[in-house]
Structures are given as C-alpha cells and as structure tokens.
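Q: Let me see the structure of the following:
(one chain, ligands or ions: 2)
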Amino acid sequence: MNAHVITVLAGDGIGLEVMPVAIEVLEAAVEGRDVRLEWREQPWGSDYYREHGRMMPVDAIQTMAATDAIFLGAVGHPEVSDVETLWGMLIPIRREFDQYVNLRPVRSFSGVRSSLAGDPEIDVVIVRENVEGEYSAVGGRSYQGTPFEAAHQQSIFTRHGIERITRFAVEVAQGRSGRLVSATKSNGIIHTMPFWDEVVAEVVEQAGGIQLESVLIDALAARAVRSPQSIDVIVASNLFGDILSDLVAGAVGSIGIAPSANLNPEREHPSMFEPCTAPRRTSPAVGSPTPSGRSGRAP
Ligand code: IPM
Ligand code: MN
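A: Ligands and ions are numbered 1, 2, ... in the order given. Next comes the predicted model:
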C-alpha cells in the first residue's frame, strides 16, 4: 500500500470550513485503490499568529519537508495585514519549496453556468510562473510621512525562471492541442517583457511542434471573455497569471471551484495544492462601516 503523508494547513476563515470536506473528497477518490493518505494537520495561520507573533513556527519548512505534499485551505484575516499572513505563510512555502509552477486548469463544470453569454464550454490551462516576476521582495518605501514619499518595487525576471516555466507550459501544450499563448506586455513594460518574449520564443522554438502566440495581456483579457474557446494553454508571469486565472475562472461561473497546484516538478520538495480563488475580502470603501466577522482570503 502506497502511503502519502500530507501536511494539512486549513489556515483561516473559510479554509477551516472547506478543509474537512475536501479531505473527505480525497479519501473517497482513493477508496479501493492501493493508496493510503495520512493527514498531518498543522494549526498554523492567523490565530497562531495572534498567539505566537508568526504565522508558522520557525522550523515549519523542515517539518513540511518531511511530508509528501501540502494541502492548503485559505490564508488571511481581517485583523492581520496581508503582508504578515501571505508573506508569512503562502509565499514563503512557494519559494522555499521552489514551487515554480502554478498550474491552474479552469474548466466548465456541469451544473455551473458560465457568466458569459451563450454559456460557452471553457477549458483553459494557465501555467503561471510562481516564484519570481512582479512578486518580489526587492524594493522599499522612502521619505515616509513626507510629500516626497515613494514606493519602489523591483520585478525580477531571470532567464532560468522564464525558461523553466516555458518548458513546463510546452509540455502541457504538447499533451493538449499544441497551442500555447504567452501573456505579455512588451509594448508598455520595456525591459522585462521583451526579455520574457525572447526567452519564451527560444524555448518554444527549441521544443518544436508548438504553435506560439504572444498576446498582450490587455488584449488577452478581452479575448478570454469574448472567445475563451480560442485559448488552450497560457504561459504567464506571476502577476499576469494570477489575474488571468481569476478572470477565466470567473467566466466559467464560479471562482470557488478552480484548483491550483503549486508544483516543484522535479519533486525535490513537496508541492502544494489549494483552491485557486474563493470569495475574498476587499477593503471597505472609505466611510463605509468596517466589515465584521471573519473571512479567509483565498491563496
Ligand atoms: C493566488 C492569490 C495569491 C497570489 C495572493 C493571496 C498573494 O491571489 O494564489 O492567486 O497572488 O499569488
Ligand atoms: Mn490570485
């Protein structure tokens, strides 16, 4: 019998509600097969933060490294800043375990009506770069509290990073229609995005047999709602992939059912599986009452 040890991070808010049911579903999926799932629940998250001043213990990464996979519910709390909750848990897990692929298949489900006219059948795979790009810790704030206050955020795109995410996307495309769309913005972002385009094109060229279209992200967003069936596999940077995955999942009709796999394809580290998106808290409008109650921010 194959045993798989899975770290369970139910996390916060809605995560605590969905996790027991999600575990039941997985148990049902393996029933009668030669697989045993062993769940290792950890109480980490915002409640833990309020008690211990951190989202996870210092040795959390080592603890999880000894398990085969991570199953995450949701992270975030109205009373704890997103910087603490997300950069204290979700983002470090993605990075420490080099989960550089964020694989987000988005597909129509029977019984879930598309929010697009004509209820089109949607079947798109988004391959999102997951550890670099626009999500970088490089930057800062200067002249705080003065009229000259400024914020700087440095995007980081590496050849290695673009090559490996494109290679993965090529494999996904080879297993499907052979068509790959690369999300870009090289008309407005003049250093990183032309570099992205060049490296993506090189990798696709070397692979052979793939039909590559490089599409500006704004036009791609419009196309995703106008003709989602014209899109099969998308390769995108961290931020573009993040936005597109909500957009396409929203078009399918329910962002709550879209899955997300944070993969370390080489299996040197555990991968992490989570809902792509779920109803999330937004900041209250200025002057509106503060929302009460808890709500988990989906990872
Ligand atoms: C996601 C989420 C996260 C992300 C947030 C919560 C930091 O939106 O997994 O899509 O942007 O990566
Ligand atoms: Mn997102």
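Q: any idea how far the residue sitting nearest the centre point of the chain lies from ligand 1?
A: The chain has N102 as the residue nearest its centroid, 5.2 Å off, counting by Cα atoms, centre = their mean. Distance of N102 to ligand 1, given as Cβ to the nearest ligand atom, to the nearest Å: 7 Å. Every residue, glycine included, has its C-beta placed from N, CA and C.
Q: was I right about that residue contacting E132?
A: No. Counting by Cβ atoms under 8 Å, N102 sits too far from E132 to count as a contact (11.7 Å).
Q: hey, what's in contact with both of those two?
A: Common contact partners of N102 and E132 (Cβ atoms under 8 Å, 6 or more residues apart in numbering): N238.
Q: which residues of the stretch 101-250 of the chain fall in helices?
A: 159-174, 192-207, 217-226, 238-252 (DSSP state H, counting those that start in this stretch).
Q: any idea which of these is most buried?
A: Across the helices of the stretch 101-250 of the chain, the average number of neighbours (mean count of other Cβ atoms under 10 Å) peaks for helix 238-252, which reaches a mean of 22.
Q: could you point out which element follows that one?
A: Going down the chain from helix 238-252, the next helix or strand is strand 259-263, by DSSP states H and E.
Q: Just send the helices of the stretch 101-250 of the chain back as JSON lines, with mean pLDDT too.
A: Supplementary listing: those in JSON lines, determined by pLDDT from 0 to 100:
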{"stretch": "helix 159-174", "mean pLDDT": "98"}
{"stretch": "helix 192-207", "mean pLDDT": "98"}
{"stretch": "helix 217-226", "mean pLDDT": "98"}
{"stretch": "helix 238-252", "mean pLDDT": "97"}
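Q: And the ones you listed: which comes nearest A22?
A: helix 238-252 (17.1 Å; Cβ to Cβ).
Q: Report the angle between that closest one and helix 217-226.
A: On the basis of axes from the mean of the first three to the mean of the last three Cα atoms, to 10 degrees, helix 238-252 is oriented at 20 degrees to helix 217-226.
Q: Can you give the contact residues for helix 238-252?
A: Identification of contacts with helix 238-252 by Cβ under 8 Å, 6+ apart yields 102, 104, 106-109, 112, 114-116, 122, 124, 126-135, 183, 185, 217, 220-221, 224-225, 228, 234, 236, 255, 257-258, 260, 276-277.
Q: Would you tell me whether it gets close to ligand 1?
A: Yes. Using Cβ under 6 Å from any ligand atom, helix 238-252 reaches ligand 1 at D242.
Q: start the count at 826, not 1, going forward
A: Got it, first residue is 826 now, which makes that one helix 1063-1077.
Q: Using PDB, write down the CA coordinates of that helix.
A: C-alpha atoms of helix 1063-1077 as PDB (Å, rounded to 0.1, in the frame of the first residue of the first chain):
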ATOM      1  CA  ASN A1063       3.400  35.600 -11.800                       C
ATOM      2  CA  LEU A1064       1.100  38.600 -11.800                       C
ATOM      3  CA  PHE A1065      -0.500  38.200 -15.200                       C
ATOM      4  CA  GLY A1066      -1.100  34.500 -14.500                       C
ATOM      5  CA  ASP A1067      -2.700  35.500 -11.100                       C
ATOM      6  CA  ILE A1068      -5.100  37.900 -12.700                       C
ATOM      7  CA  LEU A1069      -6.000  35.700 -15.700                       C
ATOM      8  CA  SER A1070      -6.700  32.700 -13.500                       C
ATOM      9  CA  ASP A1071      -9.400  34.700 -11.700                       C
ATOM     10  CA  LEU A1072     -10.700  36.100 -14.900                       C
ATOM     11  CA  VAL A1073     -11.100  32.800 -16.700                       C
ATOM     12  CA  ALA A1074     -12.500  31.100 -13.500                       C
ATOM     13  CA  GLY A1075     -15.000  34.000 -13.200                       C
ATOM     14  CA  ALA A1076     -16.000  33.400 -16.800                       C
ATOM     15  CA  VAL A1077     -16.600  29.700 -16.000                       C
END
